[in-house]
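A.B. asks: what follows is a predicted structure for the sequence shown.
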Amino acid sequence: MPRVVLRWADGAERTLHPLWLRDNCPHRRHPGTRQKLGTPADVPKAVQIAALDASDGSLTIRWHDYDQTSTFSSAWLRELGSVETSEGTSGSSDELLPPHVLRVSFDELRDGSAAARWRWIEMLAEHGTTIVEAVPTTVTRSGDAVAGIGSVVPSPARASEGEVVDGVRYVAELLGPMQPNIYGEIFNVISKGEKAENIAYTSLALGPHMDLPYYESPAGVQLLHCLRFDEQVLGGETYVIDAFAVAEAFRRAEPGAFEVLASVPATFIKVIAS
């Protein structure tokens, strides 16, 4: 597939793959949050460029099979533009079997011994994800629970008997300190329509992703609390991907591309909607 080569007056050059350009088309971003809609897998492999125009500080592409015209800022392409990409064939996904998500009850964590909580932490460390069932919205700390906090791992919890705390906070502090972020320690994920500051606050589907990768210390463990299920709402499924299994399959199928992925530093940025 022919590449798009851009050269600047000072000699800078970028070689751009049509698939990368199509995936980053501005029309594939939410108009309010500017976050991407869909994944690279949604882009047809046989994309074709019908016409190019590089002028006035931008690159405009008209596609043969796409009714949108893609316009990119020259400065953005120069800073973040893709380098050469392997053409290799994708490997089979038959080996990527759904992971077995292990479950533990909230009552076991609340009323069980330190050993019970250690089993949960070991499950989380070994499998990457667990489901804690029947977590209430609020928890009243009992004497046993207060004594148990910190007996598994150090915790900043300023626990006192009879204190009422959020259920998510209670479970999180069994693991360790909660890390503040730009949304606060605990926040509600609800649909805000056009006023959404994040695509998660819309009714649109979210593809596989990692939260806050632009942080110096990205989130290590995240807790999602499902408060209610409404049968009238379509969708809403939560998918968990074993990234290590995907990476290993990618390494076997495309060792050259995997080496680039594993060795070339990537810069993540928070795009603020204007």
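C.D. replies: Yes, it's here.

A.B. asks: quick one: the strands in the stretch 151-274 of the chain?
C.D. replies: Here the stretch 151-274 of the chain has its strands, by DSSP state E, counting those that start in this stretch, at 164-166.

A.B. asks: flag the shaky bits of it, pLDDT-wise.
C.D. replies: Along the stretch 151-274 of the chain, segments meeting pLDDT under 70 span 151-161, 272-274.

A.B. asks: helices of that one, start to end?
C.D. replies: 167-172, 243-253, 255-263 (DSSP state H, counting those that start in this stretch).

A.B. asks: okay, those in JSON lines with distance to L204 and mean neighbour count next?
C.D. replies: To be clear about C-beta, it is placed using only N, CA and C from the backbone, and glycine gets the same treatment. Shown next, in JSON lines, are the helices of the stretch 151-274 of the chain (distance: least, CB to CB, whole Å; neighbours: other CB atoms under 10 Å):
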{"stretch": "helix 167-172", "distance to L204": "24", "mean neighbour count": "20"}
{"stretch": "helix 243-253", "distance to L204": "23", "mean neighbour count": "14"}
{"stretch": "helix 255-263", "distance to L204": "27", "mean neighbour count": "12"}
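
A.B. asks: closest one to G207 among those?
C.D. replies: Proximity to G207, assessed across the helices of the stretch 151-274 of the chain by CB to CB, is greatest for helix 243-253 (13.4 Å).

A.B. asks: can you pull the contacts of the closest residue to R28 other than its chain neighbours?
C.D. replies: Nearest non-adjacent residue to R28, counting by CB to CB, 6 or more residues apart in numbering: L37, 5.3 Å away. Counting by CB atoms under 8 Å, 6 or more residues apart in numbering, L37 touches 28-30, 199, 204.

A.B. asks: what distance do you get for L37 to A205?
C.D. replies: Distance of L37 to A205, given as CB to CB, to the nearest Å: 9 Å.

A.B. asks: check V246 too.
C.D. replies: From V246 across to A205, the span is 19 Å (CB to CB).

A.B. asks: equivalent analysis for Q179, please.
C.D. replies: In this view, Q179 and A205 are 27 Å apart by CB to CB.

A.B. asks: next one: M123
C.D. replies: Look at M123 and A205: by CB to CB, they are 28 Å apart.

A.B. asks: repeat for S142
C.D. replies: Using CB to CB, S142 is found at 41 Å from A205.

A.B. asks: residues near V43, how many?
C.D. replies: Using other CB atoms under 10 Å, V43 is surrounded by 19 other residues.
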